[in-house]
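Participant: fold the following and give me the result.
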Amino acid sequence: MEYKKTKIKQLLTSFSASQKVVVNGWVRTKRESKNVVFIAINDGSGLTNLQIVADPEKFGEEIIRSITTGTCLSVKGTLVESYGKGQKIELLAENITIFGTADPDEYPLQPKKHSLEFLREIAHLRPRTNTFSAIYRVRHAMIFAVHRFFHERGFINIHTPIITASDAEGAGEMFRVSTLSLKDPPIKEDGSIDFSKDFFNRETNLTVSGQLEAELGALALSEVYTFGPTFRAENSNTTRHIAEFWMIEPEMAFYDLNDNMDLAEEFLKYLIQYALDHCGEDMEFLEKRAADEELTKKKEERSEMSLREGLRFVIDKDFERITYTEAIDILINSKPNKKKQFQFLVERWGTDLQSEHERYLVEKHFKKPVMLTDYPKDIKAFYMRQNDDGRTVRAMDILFPGIGEIVGGSQREERLDYLKQRMKEMEVGEEGLWWYLETRKFGTAPHSGFGLGFERFLQFLTGMNNIRDVIAFPRTPGNAEF
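Facilitator: The predicted structure is shown next:
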């Protein structure tokens, strides 16, 4: 009978006794007795290991001694039902090939609990742990679900530039892209660097957003989305900031703000439901991990909901929709504000809301996800459509429990005169965005869009407290090791 190479997850979900298989993977543990050796291996296809049963006399002392935690094996054998606790099958080894050994004195991943901080230092090996293999599988499932959601609704995926000459957010915290010599750059008469001598004949940076280019696509293809890497040179060492992250940014022609909010709510619920339906084993593991982590916190800092309860909190409720002005009134009159329990007190209209304010609205006041609309124009970007009151714009943010803002979006300003005036007020140069302005000259249309930070969403979905733990190789100030 032919031996078939099979993934471990497939064997554990669908198997037959006496099946001949070849299994490849990395050793998690090894237990020895006089007459038998038990080797647990994992190939990354799922959380559960497959137990290999080997006869030490058949394979010899040298082979058995070489098999330690971290060793990579290929095992040929026959599946049998297992009488061991917690496993349905095991593999009786007939042939073992060692692809790569792992010196037990040097291999840093041993069968014990390691801190997340330590695992970040060995990001090249942390995917072999249960926590990170689960996170990466969930991340993959969410990438697939994002594309599936938009594909099912007729959206067109476009790849927007990673290298750009425009700053969509106006924050100025961008990574420069240049081929000029650092030691001897060309200098103008006024002493500034002459970027006309650079590769692109101008100053360029890594993008902070694909939105502006996605808008161009929407004004021809109606409904588009971009899903790509974005970069922010913000010197911030918090659990919510990384310098390289992925953004999902749909842009839709003929959508007003309400259409935009409808789509965003549907999208978030779709992703969460997909994770619950298709990542059961990994989500169950991550929920237990999150619950164990909560026990290490002070009582007043613990979440009132389990991971799964937090997810159901989102998908089982209609999102509350209120204006920024209504939210400010609620916050000003709230008990924690009156008793000065907020770190940042809310005293007047125009205040930029902090995470503690957003979480209060979601977790305490409304007890459901909240969509805030119609923000003061002075705290929002130049491209948002201005309201008739002259002081607010058609912006919308979505607030989630535990994390605060998770989506930001708006109806875009489609009127050329209003857009140009707003750019002038905010000192955004027209010259570099002439192409953006021209779409308002040639067949302009109402349109809207939003952005979802993929890693921020994954933090909420997986219960991980630090954004550095939901991306394979986090880029943070002073850290680009891998």
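
Participant: residue most distant from the centroid, the protein?
Facilitator: Glu57 (48.9 Å; CA atoms, centre = their mean).

Participant: and it, that's in a helix?
Facilitator: Yes. Per DSSP: H, G, I helix; E, B strand; the rest coil, Glu57 lies within a helix segment.

Participant: gap between it and Lys30?
Facilitator: Distance, Glu57 to Lys30, by CB to CB, to the nearest Å: 16 Å. For the C-beta atoms, the positions are set from N, CA and C on the backbone; glycine is no exception.

Participant: kindly report the same for Phe59.
Facilitator: 12 Å.

Participant: which non-adjacent residue is nearest Asp103?
Facilitator: The spatially closest residue to Asp103, leaving aside those adjacent along the chain, is Thr68, at 7.8 Å (CB to CB, 6 or more residues apart in numbering).

Participant: tell me how many other residues crowd the one you found.
Facilitator: 17 (other CB atoms under 10 Å).

Participant: that one looks like it's in a helix, true?
Facilitator: No. Read with three-state DSSP, Thr68 is coil and lies in no helix.

Participant: which residue ranges of the stretch 101-250 of the chain form helices?
Facilitator: Taking DSSP state H, counting those that start in this stretch as the criterion, the stretch 101-250 of the chain carries its helices at 116-121, 130-152, 211-221.

Participant: correct me, but Tyr270 touches Val146?
Facilitator: No. Judged on CB atoms under 8 Å, Tyr270 makes no contact with Val146 at a distance of 9.1 Å.

Participant: and the gap between Gln10 and Ile89?
Facilitator: 12 Å.

Participant: out of the two, which sits in the busier spot?
Facilitator: Ile89 (17 against 12).

Participant: how close does Leu458 get to Ala93?
Facilitator: On the measure of CB to CB, Leu458 and Ala93 end up 38 Å apart.

Participant: ignore what I typed, I meant Pro185.
Facilitator: 63 Å.

Participant: neighbour count winner among these two?
Facilitator: Neighbour comparison, Pro185 and Ala93: the larger count goes to Ala93, with 20 against 14 (by other CB under 10 Å).

Participant: give me the secondary structure label for that one.
Facilitator: Applying three-state DSSP: Ala93 is strand.

Participant: retrieve the pLDDT associated with it.
Facilitator: Here, the pLDDT recorded for Ala93 equals 97.

Participant: cool, and Leu433?
Facilitator: 94.

Participant: list the contacts of it.
Facilitator: 166, 212, 423 (CB atoms under 8 Å, 6 or more residues apart in numbering).

Participant: quick one: which of the residues you listed is most hemmed in?
Facilitator: Leu212 (22 neighbours).

Participant: surely that residue touches Tyr436?
Facilitator: Yes. Using CB under 8 Å, Leu212 is in contact with Tyr436, at 5.6 Å.

Participant: what do the two both touch?
Facilitator: Ser166.

Participant: in stretch 261-270, what's buried?
Facilitator: The neighbour-count check on stretch 261-270 (16 or more other CB atoms under 10 Å) flags 261, 263-265, 267-270 as buried.

Participant: repeat for stretch 17-34
Facilitator: Those buried within stretch 17-34 under the rule 16+ other CB under 10 Å are 19, 21-28, 30.

Participant: between those, which sits nearest Leu345?
Facilitator: Arg28 (51.4 Å; CB to CB).

Participant: hang on, the closest one in a strand?
Facilitator: Yes. Arg28 forms part of a strand when assessed by three-state DSSP.

Participant: that one against Asn49, yeah?
Facilitator: Yes. Assessed by CB under 8 Å, Arg28 is found in contact with Asn49 at 5.3 Å.

Participant: what is in contact with these two at once?
Facilitator: 40-42.

Participant: ok, and the most crowded of these?
Facilitator: Ile41 (24 neighbours).

Participant: ok, now which ones touch that residue?
Facilitator: 8, 23, 25-28, 49-50, 52, 73, 75.

Participant: make CSV out of these and add secondary structure, distance to Ile467 and pLDDT.
Facilitator: Listed next are those as CSV, based on DSSP: H, G, I helix; E, B strand; the rest coil; distance: CB to CB, whole Å; pLDDT from 0 to 100:
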residue, secondary structure, distance to Ile467, pLDDT
Ile8, helix, 30, 96
Val23, strand, 35, 97
Gly25, strand, 30, 98
Trp26, strand, 27, 98
Val27, strand, 31, 98
Arg28, strand, 27, 96
Asn49, coil, 29, 96
Leu50, strand, 33, 96
Ile52, strand, 37, 97
Leu73, strand, 35, 97
Val75, strand, 38, 98
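
Participant: report the rounded mean pLDDT for stretch 230-241.
Facilitator: Mean predicted lDDT for stretch 230-241 stands at 91.

Participant: output that stretch as CSV, nothing but the C-alphas.
Facilitator: The C-alpha trace of stretch 230-241 is given here as CSV (Å, rounded to 0.1, in the frame of the first residue of the first chain):
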residue,chain,number,x,y,z
THR,A,230,1.1,51.2,5.5
PHE,A,231,3.8,52.9,7.5
ARG,A,232,3.9,55.5,10.2
ALA,A,233,7.1,57.0,11.6
GLU,A,234,5.6,57.7,15.0
ASN,A,235,8.1,57.3,17.8
SER,A,236,5.6,55.5,20.1
ASN,A,237,6.3,52.5,22.2
THR,A,238,2.7,51.5,23.2
THR,A,239,0.8,48.3,23.0
ARG,A,240,-1.3,49.8,20.1
HIS,A,241,1.3,51.2,17.8
